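> Predicted model and sequence below, questions to follow.
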Amino acid sequence: MSATKDSAASQGQKRKREEKDVTNNKKAQSDKPSASIYKNLQLAEKPVYKNLQIAEALKTQSKSKKQRLDKSNKAEKPKFKNLQIAESQKSVSKETQDDKVHRDESQKLGTGINRPHNLPAARQSKLLQVRQSLPIWPQAANIRNALLENHVLILAGETGSAVTQPRRVAAVSLARRVAEEMGTPLGKSPQALVGYNVRFDDNVGKNNRIKFLTEGMLLQEMLRDPALTEYSCVVVDEVHERSVNVDLLLGFLRGLVTGTSEAAKKRKGRPLKVVVMSATADTEKLKDFFSEGFGQPRIEDNIPTVDDSAPTVDGKEASVEVSQKPSVSSSNKISTCFVEGRMYSVQTEYLSEPTRDFSEAALLQIFQIHRKEPMPGDILVFLTGGDVITNLQQAIEDMIPNVITKDSGLPKLIVLPLYAALSQAQQQAIFSPAPPNTRKVILATNIAETSITVPGVRFVIDSGKAKIKQFRNRLGLDSLLVKDISKSSAIQPRGVHDVMDFPLLTRPSREAMERALLQLLQLDALNPEDGNISDLGRKIARLPLTPAHGRTIIAAADPEMGCLLPVIDIVACFNSENIFVEVKDQDANDEAREARNKLSRRQGDHLTLLSAVQAYASERTDRKQWAKQHLVSHRSMQNVMDVRKQLRAQCQQAKLLTKEQLATADDDDDLNTISESTGNNILKCFLRGFPTNVARLVPDGSYRTIHGHMAVAIHPSSVLYGRKLEAILYNEFVYTNRTYARSVSAIQMNWLEEIYAAPA
DNA sequence: GAGCACTGC
């Protein structure tokens, strides 16, 4: 796909970054003696870790956060929720080795897949040894037979039993691992049997037999090939993590595998196997979900029936352990398999009384652990935010001289904060080993939940609380919307009907669906007559963006607007982390502030972002230095440039952008080239994509949204903070103590009429 | 004058 044909240089950079992440993982694995598992007892009954690597090294407290939260939700009395101290105690796992199964496996694996041939024998035997020790190993024959006999396999696993994750790094590292196991190169080489495809990194070769990709990538592929004709089997892992992408994917896969969707016809009878891997708790729900599909009438009668001559294990049913009696409709079509995990006993201590001030309780616990517990053993404390962390750090450091006196004979204590706003270097500090006779105390937000592994931690103090961004369903509803919703309800036939009936594991409320449909109607992504997706909607869908940003891009490509390239730059910023580094009082000198201020544009944040991107792009000598001088995040900017390149390529593919325009694009990367009228056009395009994100000044000096008349204030991070303007357009709402509009620009009310007068 | 984090195309 040309969209991903980035320059070699950029690819290389990106890959380096990926590899760095992977290295971190590996590092954690090799830290076997110090790495530990944090689970409280209740959790030990539920699967937590699903990863090949776990078998080798028990890893990461990071992922367990979610589980700990699950647990705290279930706690009966809130008074036990406040403080949990989990000390890890690794117990010896029960290894089940079955030589017969093993021989059997080795023979069967040999069919169709190349055996490792270019690996040293020692490495080969080590890999095999590791494989055999995996809890899933004894189940291999069952799993294979279940797949031969059924269309769908639901694989539930406990700790350390199965494979992938829905994240880019996971897709890449797993592909690498599986390629190694198979003894073949990874990616595009002709010998490579394993490849991967994640955003900005397409490493798939013609001869690949197995491809690891993110869910979003597969959905993107399905836009081109809804029947997934290139594949005979799709494995969806980590389903319990439940993203919208997973739900959509399962819905499409159900349609294909049951023959109930139109797309299934295009497989022309070629069988598709679906393996869904999830935590145990979801098994029944998943089974019901697929059973329901098999119970429905097929559109395509050509779906292959299950091969009755397929071999079975000793003639018994292949499903094992937790398999339920299959319902009549799904007999021989769905099987479930449960892979036993390994248990680790973990000690959980609760605070005997509820505590008001978690920081205070944590402070006491930290010193108690420090006094009582032997070295080594670092402490990890989960807290809600950066400010809380700073305060607690101060409190600990104040207390150190009182507790750790010369006479006490206690080891030293160092405090290391970890939250997103810290620089990369500060974040890395937690990985460096503590000096001799020193215990590390890491104070972290849930940044550590998914992406960071801290070796050496043996104690976790967790409040059981976390701030989680929540979509507020009710807000944004207003009289105008209600009116339009009845309009959308009136167009029930065909398209809309299909959407409403699309099989989803968890169905959104009808209200939410209708609101979403209304938004798509407003963006001209649906035909108002029949509710089907419009040509414009198709174009929007192919862009890796929200519909609103996609619509903005399409509007900008209109020759009358003629501002596609600058709009892409701004949209790229909205799809990256904040490019402007937080200005702390001391660490910013006047020079840097001034340099940053020069990037500001009086029209608002959209054009300010644009000027920053263009200035960065036109810097040809040392961009890192430029970023530092302008208080701009180099890391975020690199991501912006990646997204920008991808969007440009996709716009070219969609014929929104010509080669010639693209060729001259880089020459235009210069400050002050945006004229007043171009600036206005840019904002009008955003207005097209965000028609309801408009607020106007009311007589009391505040802003109110034009839809719903909700009070909003300009966020303090905006260049327009404190300004009184006729009307503002904003990229998003932020709900905190007040309702803020973030990323704000000044607009004129008459632009609204102009836009709505224009034909769709 | 605000301020949780992470993931994905």
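Everything's here; your move. Numbering: from 1, shown residues only, chains lettered A, B, ... in the order given.
> any weak-confidence spans in the stretch 151-300 of chain A?
Along the stretch 151-300 of chain A, segments meeting pLDDT under 70 span A:157-161, A:163-167, A:279-281, A:300.
> again, but for the stretch 1-150 of chain A
A:1-119.
> got the domain boundaries for chain A?
Annotated domains of chain A cover A:61-91+A:344-462, A:99-339, A:534-689, A:690-760 [automatic domain parsing].
> Looking at these, which is nearest to residue A:506?
domain A:99-339 (6.5 Å; CB to CB). Where C-beta positions appear, they are placed from N, C-alpha and C, glycine not excepted.
> Contacts (any at all) between DNA strand B and the closest one?
Yes: counting by CB under 7 Å from any atom of the strand, DNA strand B is contacted by domain A:99-339 at A:166-169, A:198-199, A:214-217, A:220, A:243, A:245.
> For residue A:714, give me phi and psi.
phi -70, psi 130 (degrees, to the nearest 10).
> same question, the one 3 residues further on
Residue A:717 has phi and psi values of phi -80, psi -10 when expressed as degrees, to the nearest 10.
> element containing the residue lying closest to it once chain neighbours are set aside, please.
The shortest distance from residue A:717 to any non-neighbouring residue, by CB to CB, 6 or more residues apart in numbering, is to residue A:742 (6.7 Å). Assigned by DSSP states H and E, residue A:742 belongs to strand A:739-747.
> List of residues touching that strand?
A:574, A:602-607, A:609, A:683, A:686-687, A:693-695, A:703, A:710-715, A:717-718, A:720, A:723, A:725-734 (CB atoms under 8 Å, 6 or more residues apart in numbering).
> Weed out the non-buried ones from those residues.
For the contacts of strand A:739-747, a burial check counting by 16 or more other CB atoms under 10 Å picks out A:574, A:603-607, A:609, A:683, A:686-687, A:693-695, A:703, A:712-715, A:718, A:720, A:725, A:727-731, A:733-734.
> what's near enough to touch residue A:691?
So residue A:691 contacts A:522, A:752, A:755 (CB under 8 Å, 6+ apart).
> Give me the neighbour count for the first one.
The one in question is residue A:522. For residue A:522, the count of nearby residues is 20 (other CB atoms under 10 Å).
> what about the residue lying closest to it once chain neighbours are set aside, distance to residue A:756?
Spatial nearest neighbour of residue A:522, chain neighbours left out: residue A:691 (5.8 Å); criterion: CB to CB, 6+ apart. Distance, residue A:691 to residue A:756, by CB to CB, to the nearest Å: 8 Å.
> swap in residue A:576?
Here the criterion is CB to CB. By it, residue A:576 lies 31 Å from residue A:756.
> Comparing these two, which residue is more hemmed in?
More neighbours surround residue A:576 than the other of residue A:576 and residue A:756, with 20 against 11 (other CB under 10 Å).
> doesn't residue A:636 make contact with the more buried one?
Yes: with contact defined as CB atoms under 8 Å, residue A:576 and residue A:636 form a contacting pair (5.1 Å).
> Please narrow the buried ones among the contacts of strand A:739-747 to those residing in strands.
A:694-695, A:703, A:712-714, A:727-731, A:733-734 (DSSP state E).
> farthest-separated two in these?
Across those, no pair lies farther apart than A:727 and A:734, at 19.1 Å, counting by CB to CB.
> Which member of the contacts of residue A:691 is positioned nearest DNA strand B?
DNA strand B lies nearest to residue A:522 out of these, by CB to the nearest atom of the strand, at 19.6 Å.
> residues in contact with residue A:242?
Going by CB under 8 Å, 6+ apart, residue A:242 touches A:505, A:506.
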